[in-house]
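Chemist: Here is my input, please return the structure:
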Amino acid sequence: MTIYSTLVGLLNVKMFSTGGEFLVLIMEKLGTLIDDAEWRSVQLLIRFLADLINCNVVLGASLLGLFDTFIATAAQPGVKPSMRDFLLYSVMQCLPWIGLHFNDSKDEVEFERLLDILETEIEKREKYYMPSIRVWSSDNPLPQIEYMDSLWLQIKNMRNNNWEDNWIIRPYVAFESKLESSLQHPLPQFELPADLEHTQFPLPYVVFRIFDTPDVPNRPEVPKLPRFNSIDRFLVEDAIMNVINSKNLTKKECAESLLRISGRSSMPLNYMLVEVLFGGLLELPVPRYSELFYGSILVQLCQLMADHLPQVLAQAVAYVYERLDTMNTVLVDRFGSWFAYFLSNFKYHWTWSEWEECVNLNRTDPNHPKPKFLKEVFLKLLWLTFYEKLKDVIPDEFVTLLPVKPGYNHKFAEVTAENNLQAKCAKALIESIKNKEGLDMMLGSLDPLPDGAIDGRELDPVYPEAKLEVVIQTILRVGCKSISHISVALNRFRDLIMAVMPNQDAKVCCLKITFSFFKTNHQLMCIMIEKYLNFQLIEPSCIVSWIFSPYMLPHFDRLYLWQMLDTTIKFCIKRCDRIKVELEKSKQKLSDKKEQEAGAPDPDIAEKRKQLVQAAEEEVDHYVKLLEDAERSQKEVFLIVVQRFIMILTDHIVRSEQESRYTQTLWFRCTRDRLRQTLVKYRREVKRYMVTLQTLLFTPEIEPKILECFTQFKGYIA
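Modeler: As a prediction, the model looks like this:
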């Protein structure tokens, strides 16, 4: 950036009018970027404008006036926190480039006044949302600081150090004598748009830290890592993020560009790269880019920096591993998924001997975060390789942590005294399927079975449980050869399934049967959830009810369960978005047909076009109805999810207090993390139901430890 500002400065020396015209264009572009909500580009352009003061292009008082506009708008009563933070941060991120200029200039007093106002505004901020976006619940050994507070701390240290840094390249210093001779321009008048309150601004995040100065080897050939409160950390991280933002579509080019960042001799770039990439991967509520992007970039960098980066990456993994007990549950899952992906790219090689404690912990405390983490990693690896392959490459002492070999549990494979009648009907159904008989004949093979429960208990509402179990077990047995076989089977026997699955209780029972069939193959169970939704066999609300049922409570700490919940929620959201697109298309089609009707040259053509308009209106009505149903279903899903979270957490607290047990167990913290994540991850949708949630669910009467999740969420989206 400083190269371009120097070039503008030299042009301004040669042609003063060109400098003024350039500033007009820049300010117009700034307004356009704000209108388009291109926030990162807005901040970079403001920073570029600020750097022009170092090249004697812009008047210092004029730049401070622009900053005053931003700060004054941020300080207005009623400004939403996300807008306020963006405006303040836009000013703060310029200070490392211009602080040295104002340090001993005629505008120093005004600059100091601006800094004092900034500090006041930053100290006034309330950060209720911090527990929802923290990576760890503990600040030991490195503090977790929100991004605004982190930058301000670094700027204060830079200010105390006379605004010096070791990173910014300032080419204009070489042309100082030429640039001093030029005249300066005032910035064109600029006003922020009046309707910014309705715009979505960047949300807060915690600055990720895993390395500090002592973590880097103290050798002459290795550059020293600045402390976490040094401005140099911000400047390097910012340079890395600029490359990632501009090159994120091509992983190889991105990795190569990261290695070409200038200033490698003054900074341990390998440590900074790992920290920034880990920070992006472990950002809450979701990473800025896909998890696969961060994983592939780290793999690419390990290949390009084979002598320097793998050791640092291993050091970072060890750091995170040692802090699993205080890490956000969602991020433990995400870290485990990345680690499995990373191992699969390097032939599963790892220094497993350093993690042997997991084997002993698994015997004494199987719920400890470390063995649980490794179990999830191995389970994820099974989604990427074969069981026998994994068993061969894992040290023998770790075999006890491996999941059961994936398979299928066909209940009627063998005839027993308990399942004799069902097994016979299952065999008859298979014969009927082989003979390609019709629906009535297939249902007829189930006639010997009762129309109620298997064990004779009363069902309310009634559904044929025994028949349902035979049908689902048989269809899964027929289709379990591959995913495509399952799809074909579900499509072919859809009418048969619906015939024995008449109500919601039956659909929940269907999920139990399916889970029993795939109880050692969780990957296929996750796929089955998606299939049931796509084939419209089971409603999302039924899947949510099953996930939060007592039957699934023992699996509440397993990642696959929450992947199924994510799949269900995303299905609802995508369905609504898809119908909205079709509705807009049909409305446009209706508008076009009405225009054609109005321009009809004779009555016969007008009549035909009127019929086309009526057909288009019916199509619009159809999509309106579909959208209403989809949005009603989506709202029902979110309300059920939040309600069940509250019920389960409340029940845990009540039972713990009755039995005089510690409330804040690992299970409780993990479940509460899941609730927080659900709220913040799907904030766009949850925000629409705020009144309902506050009126019906998050009432003042519920447990404060649960209510604070909602309070934090409201602070986060404010």
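Chemist: Can you report how many residues neighbour residue 141?
Modeler: Residue 141 is flanked by 12 other residues according to other Cβ atoms under 10 Å. The way it works is simple: take the backbone N, C-alpha and C, and place the C-beta from them, glycine included.
Chemist: Show me the strands in the stretch 151-300 of the chain, by range?
Modeler: Assigned by DSSP state E, counting those that start in this stretch, the strands in the stretch 151-300 of the chain fall at 206-207.
Chemist: What ranges in it fall below the confidence cut-off?
Modeler: 264 (pLDDT under 70).
Chemist: so where's the stretch 501-650 of the chain shaky on pLDDT?
Modeler: Using pLDDT under 70, the stretch 501-650 of the chain drops low at 599-601.
Chemist: tell me the helices in it, going along the chain?
Modeler: Here the stretch 501-650 of the chain has its helices, by DSSP state H, counting those that start in this stretch, at 504-517, 522-534, 540-547, 559-598, 603-658.
Chemist: and the angle from the longest one to helix 559-598?
Modeler: Helix 603-658 and helix 559-598 are oriented at 160 degrees to each other (axes from the mean of the first three to the mean of the last three Cα atoms, to 10 degrees).
Chemist: What of the first one?
Modeler: Counting by the same axes, to 10 degrees, helix 504-517 lies at 130 degrees to helix 559-598.
Chemist: what packs against helix 504-517?
Modeler: With contacts taken as 3 or more Cβ pairs under 8 Å, 6 or more residues apart in numbering; DSSP states H and E, helix 504-517 sits against helix 465-479, helix 522-534, helix 540-547.
Chemist: Of all these, which one is nearest residue 117?
Modeler: Residue 117 lies closest to helix 540-547 among these, at 48.7 Å (Cβ to Cβ).
Chemist: ok now the closest one, how far from the chain's centre?
Modeler: In terms of Cα atoms, centre = their mean, to the nearest Å, the centre of helix 540-547 is set 22 Å apart from its chain centre.
Chemist: Please list the residues outside whichever strand or helix holds residue 91 that contact it.
Modeler: Under the criterion of DSSP states H and E, residue 91 resides in helix 81-92. Helix 81-92 is contacted by residues 39, 42-43, 46, 67, 70-71, 73-75, 114, 118, 121-122, 125-126, 147-148, 151-152, 155, 196-197, 199-204, 715, 717-718 when judged by Cβ atoms under 8 Å, 6 or more residues apart in numbering.
Chemist: Let me have the helices of the stretch 501-650 of the chain in TSV, extended by distance to residue 300 and mean neighbour count.
Modeler: Formatted as TSV, the helices of the stretch 501-650 of the chain follow (distance: least, Cβ to Cβ, whole Å; neighbours: other Cβ atoms under 10 Å):
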stretch	distance to residue 300	mean neighbour count
helix 504-517	38	20
helix 522-534	27	19
helix 540-547	37	23
helix 559-598	26	16
helix 603-658	38	15
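Chemist: before we move on, the earlier item: any chance you could list what contacts the following helix or strand past the helix holding residue 91?
Modeler: Using DSSP H and E, the next helix or strand after helix 81-92 towards the C-terminus is helix 95-102. Helix 95-102 has contacts (Cβ under 8 Å, 6+ apart) with 2, 47, 50-51, 53-54, 60, 63, 108, 111, 115, 155, 158-159, 162-165, 168, 231, 234-235.
Chemist: and the residues you listed, which are buried?
Modeler: Buried members of the contacts of helix 95-102, counted by 16 or more other Cβ atoms under 10 Å: 2, 47, 50-51, 53-54, 60, 63, 111, 115, 155, 158, 163, 165, 168, 231, 234-235.
Chemist: separation between the residue most central in space within the chain and residue 133?
Modeler: Nearest residue to the geometric centre of the chain (Cα atoms, centre = their mean): residue 286, 1.8 Å. As judged by Cβ to Cβ, to the nearest Å, residue 286 and residue 133 stand 11 Å apart.
Chemist: For the helix holding residue 91, which residues meet the burial criterion?
Modeler: Across helix 81-92, burial judged by 16+ other Cβ under 10 Å covers 81, 82, 83, 84, 85, 86, 87, 88, 89, 90, 91, 92.
Chemist: Show me which of the residues you listed is closest to residue 420.
Modeler: Checking those against residue 420 by Cβ to Cβ gives residue 82 as the nearest, at 64.5 Å.
Chemist: Distance check, residue 164 against residue 237.
Modeler: Relative to residue 237, and taking Cβ to Cβ, residue 164 is found at 18 Å.
Chemist: Report the separation between residue 14 and residue 178.
Modeler: In this view, residue 14 and residue 178 are 10 Å apart by Cβ to Cβ.
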